[in-house]
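A.B. asks: Structure of the sequence below:
(chains A and B)
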Amino acid sequence: MTIVVGYVPKPEGRAALTRAVSEAKLRGTDLVVVNSSAAQSLVDESLASRRELDEVRRQLDEADVKHDVRRLVRGREAAEELIEAAEETGADLIVIGLRRRTPVGKFITGSDAQRILLTAPCPVLAVKADV
Amino acid sequence: MDSVTLLLEGFQTALTPQNLLYALIGVTLGTAVGVLPGIGPAMTVALLLPVTFTLEPTSAFIMFAGIYYGGMYGGSTTSILLNTPGEAASIVTALEGNLMAKKGRGAAALATAAIGSFVAGTIGTVLLSLLAPTVVELAVQLGPEDYFALMVLAFLTVAAMLGRSVIRGLASLAIGLTLGLVGIDTQTGQARFTLGIPQLLDGIDVVIVAVGLFAVGETLYVASRLRHEPLELIPVSGTWMTRSDWRRSWAPWLRGTAIGFPIGTIPAGGADVTTFLSYATERKLAKHKEFGHGAIEGVAGPEAANNAAAAGVLVPLLTLGLPTSATAAILVAAFQQYGLQPGPQLFEANATLVWALIASLYIGNLMLLVLNLPLVGIWVKLLQIPRPYLYAGIMVFAALGSYTINLSPIDLTLLLILGFLGFLLRRYGWPVAPVVLGVILGPLAEQQLRRALQISQNDPTVLVTSPFSATLLTVAFLFLVVPPVLRRWQRRTEKEIALESEREEADLTTRP
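C.D. replies: Sure thing, here's the model as predicted:
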């Protein structure tokens, strides 16, 4: 009975988090926030700093939602980390943020969203940044 | 001929659209490799040597010089924004620069680094233009025993100043000298160290050594280290330089140039020492007591010093053919590839090339200033390239380049062996630059030694009787003794700085 949300410090990540919080309150479940990086490049904009994640924890406390914020740097793709977190906690919803990717972009670095949609053990809610 | 006239003619050659394009390519490439940690101008020039074989020498050298200078500029961006030096010479910039960025003054730090680099680079190039003809006049009077003494000095200083200990440096140098001996001896026709393999009779090409040690070795080393977390990138923020920043920076720029250029000209093994000296000087002279919190002088001085040192290194390189750093050694190899030998003869026979090169240094400096500041965002994007792709590309280029030299698979095997050697050197903290220096300078030094002995009818005292060589050899001997002292002082300064910043951090975290 948990909701897993994939967080990145960008507009789509924040939109996903907001939506995940409202879903959690709606269903009365707790939230597992996963922020990960494959650590393949020297600078990774998807990885949130510890300070940012503390801020996320504070926001979740304010919203009165039970939470578990995880920052994983294990050299695995974000899709893998999310699926594993969902399987481990027996989640009944995964929330992710979407952004527009050009076909070339998807070809070069793959589409995490597509991987999650296809391999998730539970329903997936995809949120766009402007929603 | 008057050197000003020669320089103006050099500008004429350097300002052609073709050479301007090569200069632009060179400085862009140089900045890009300067930004990426672990990849530097030495490796890039080595990788490009096979590719540029068909180009006109002037254009190729303009590009190489652009890469060389660009590397010095690019390293500061990574140091300031990531607290990781892009180049070894930028380690000190990270100390104050990153603190400035954390305080929201990143833009000012980048600006002072870039402008300081420009000022120092230009002044350094002016000094180069003035000094080169004078040194060439002196150099013509030198005999082979003097050249030999110079090379011994270069060997010992590079071995002693780089790396963690003199013994390691000398060991690396020994490896390089051995590799340089492989092949047929030109004067006696004897095959040396060829292990019975006929393809080794031509010796091991210096490109393969450089590419193997730098490119392949670095790739293996990066692949071997445990994956560590991506670093936090501090966004470029704050205003560009304010008036008080300018006032505080111009003196460190000039002092940095004054420290960097002379030390760059002598065989002192690279820019590390100059940046530390500049940092220590600025610290002592600082009036604002901001050191340890992001003092702009701590960025202005060292950045100027390392660019001035880069210009200084070109003085012995062009006038005497004496390389004093790894990149300089590869530039010597580049000269040899075109059948040119840097030294006084170069100024006589290929004056146009040399002065076009010097002229393009001025142009390159200007281009770098323009490129660095507005395009910071692009350089930062480079850091987001996943390293597997980056290093895979480098390996492909390295293998391709090495294969094209002789179209022989033995070269690829050698590349891998040398790459593994490069990995071992890095893994155990042995310096890599002395190996390259040994490979390139070793044969030259041997040539001069034998020439000197032949002229003196096998009398070995000729090596020490000439006043020039006697002085140099004494200095060389001193270099075996002095560096440990200098290094201990450097370590002590590093430790002091580390302790101070730890104290600062402790203060910050205990404060509520």
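
A.B. asks: Residue 63: what's it in contact with?
C.D. replies: With no chain named, the answer covers chain A. If a contact means CB atoms under 8 Å, 6 or more residues apart in numbering or on different chains, then A:Ala63 has A:Val21, A:Lys25 as its contacts. (Each C-beta comes from the backbone N, C-alpha and C, glycine too.)

A.B. asks: my question was about chain B
C.D. replies: With contact taken as CB under 8 Å, 6+ apart, B:Met63 is in contact with B:Tyr22, B:Ala23, B:Ile25, B:Gly26, B:Leu29, B:Leu48, B:Thr52.

A.B. asks: In a markdown table, list those along with pLDDT, secondary structure and neighbour count.
C.D. replies: Listed next are the contacts of B:Met63 as a markdown table, based on pLDDT from 0 to 100; DSSP: H, G, I helix; E, B strand; the rest coil; neighbours: other CB atoms under 10 Å in any protein chain shown:
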| residue | pLDDT | secondary structure | neighbour count |
| --- | --- | --- | --- |
| B:Tyr22 | 93 | helix | 25 |
| B:Ala23 | 92 | helix | 27 |
| B:Ile25 | 93 | helix | 16 |
| B:Gly26 | 93 | helix | 30 |
| B:Leu29 | 92 | helix | 21 |
| B:Leu48 | 90 | helix | 23 |
| B:Thr52 | 86 | helix | 19 |
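
A.B. asks: got TSV for the residues you listed, with distance to B:Asn365 too?
C.D. replies: Below are those laid out as TSV (distance: CB to CB, whole Å):
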residue	distance to B:Asn365
B:Tyr22	15
B:Ala23	10
B:Ile25	16
B:Gly26	12
B:Leu29	16
B:Leu48	21
B:Thr52	22
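
A.B. asks: For the nearest residue to B:Glu145 once chain neighbours are set aside, give its distance to chain A.
C.D. replies: Take B:Glu145 and drop its neighbours on the chain: the residue closest to it by CB to CB, 6 or more residues apart in numbering or on different chains is B:Ala452, 4.1 Å away. Separation of B:Ala452 from chain A (CB to the nearest CB, to the nearest Å) stands at 49 Å.

A.B. asks: Phi first, then psi, for B:Ala452.
C.D. replies: When quoted as degrees, to the nearest 10, the phi and psi of B:Ala452 stand at phi -60, psi -40.

A.B. asks: Where in the chain is the helix or strand with the lowest mean pLDDT?
C.D. replies: Answering for chain A, as no chain was given. Confidence across the helices and strands of chain A bottoms out at helix A:103-109, with a mean of 73, counting by mean pLDDT, DSSP states H and E.

A.B. asks: sorry, should have said chain B
C.D. replies: Averaged element by element with mean pLDDT, DSSP H and E, chain B has its least confident helix or strand at helix B:467-510 (a mean of 72).

A.B. asks: So that helix, near chain A or not?
C.D. replies: No - for a cut-off given as CB under 8 Å from any CB of the partner chain, helix B:467-510 has no contacts with chain A; the smallest distance is 12.8 Å.

A.B. asks: distance between that helix and the chain's centre?
C.D. replies: Distance, stretch centre to chain centre, for helix B:467-510: 20 Å (CA atoms, centre = their mean, to the nearest Å).

A.B. asks: circling back to that earlier point, can you list the buried residues in the helix or strand that comes right after the least confident helix or strand of chain A?
C.D. replies: Tracing the chain C-terminally past helix A:103-109 and defining elements by DSSP states H and E, one meets helix A:112-119 next. Of the residues in helix A:112-119, those scored as buried under the neighbour-count criterion (16 or more other CB atoms under 10 Å in any protein chain shown) are A:Asp112, A:Ala113, A:Arg115, A:Ile116.

A.B. asks: Helices of chain A, residue ranges please.
C.D. replies: Counting by DSSP state H, chain A forms helices over residues A:11-27, A:50-62, A:78-89, A:103-109, A:112-119, given from the N-terminal end onward.

A.B. asks: Please find the angle between the direction vectors of the third one and helix A:112-119.
C.D. replies: It refers to helix A:78-89. 40 degrees (axes from the mean of the first three to the mean of the last three CA atoms, to 10 degrees).

A.B. asks: now the most centrally placed residue in chain B: how far from chain A?
C.D. replies: By CA atoms, centre = their mean, the mean C-alpha position of chain B lies nearest to B:Thr327, the distance being 4.4 Å. When distances are taken as CB to the nearest CB, B:Thr327 and chain A turn out to be 22 Å apart.

A.B. asks: likewise B:Asn83?
C.D. replies: Relative to chain A, and taking CB to the nearest CB, B:Asn83 is found at 11 Å.

A.B. asks: Count the residues that sit near that residue.
C.D. replies: Using other CB atoms under 10 Å in any protein chain shown, B:Asn83 has 18 other residues around it.

A.B. asks: same thing with A:Pro9?
C.D. replies: By other CB under 10 Å, 16 other residues sit near A:Pro9.

A.B. asks: between the contacts of B:Met63, which is closest to chain A?
C.D. replies: When the contacts of B:Met63 are compared for distance to chain A, the smallest value, 18.5 Å, is given by B:Leu29; criterion: CB to the nearest CB.

A.B. asks: quick revisit: any chance of the buried residues of helix A:112-119 in JSON lines, plus pLDDT?
C.D. replies: JSON lines is the format used below for these (pLDDT from 0 to 100):
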{"residue": "A:Asp112", "pLDDT": "83"}
{"residue": "A:Ala113", "pLDDT": "86"}
{"residue": "A:Arg115", "pLDDT": "89"}
{"residue": "A:Ile116", "pLDDT": "91"}
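
A.B. asks: For the residues you listed, work out which two are farthest apart.
C.D. replies: When CB to CB is used, the two most widely separated members of these are A:Ala113 and A:Arg115, lying 7.3 Å apart.

A.B. asks: For residue 112, list the residues it contacts.
C.D. replies: In the absence of a named chain, this looks at chain A. Taking CB under 8 Å, 6+ apart, one finds A:Glu77, A:Ala78, A:Ala79, A:Ile96 in contact with A:Asp112.

A.B. asks: that's the wrong chain, I wanted chain B
C.D. replies: B:Met241, B:Asp245, B:Ser249, B:Ile296, B:Val299, B:Ala300, B:Glu303.

A.B. asks: Hmm, which of these is lowest in pLDDT?
C.D. replies: Going through the contacts of B:Thr112 one by one, the lowest pLDDT turns up at B:Met241, 76.

A.B. asks: you'd agree that one is in a helix?
C.D. replies: No - note on B:Met241: no helix contains this position according to DSSP: H, G, I helix; E, B strand; the rest coil, which reports coil.

A.B. asks: ok, A:Phe84 - how many residues close by?
C.D. replies: Heads up, residue A:84 is Glu, not Phe. Here the neighbour count serves as a burial measure; for A:Glu84 (other CB under 10 Å) it reads 16.

A.B. asks: How about the residues of chain B by chain A?
C.D. replies: Taking CB under 8 Å from any CB as the contact definition, chain B meets chain A at B:36-37, B:82, B:84, B:227-233, B:380, B:383-388.

A.B. asks: can you map out the strands along the stretch 201-350 of chain B?
C.D. replies: Listed in chain order, the stretch 201-350 of chain B contains no strands at all (DSSP state E, counting those that start in this stretch).

A.B. asks: what are the ranges of the helices in it?
C.D. replies: Per DSSP state H, counting those that start in this stretch, the stretch 201-350 of chain B has helices spanning B:206-210, B:217-224, B:243-265, B:272-285, B:297-320, B:326-337, B:344-349. These are given in chain order.
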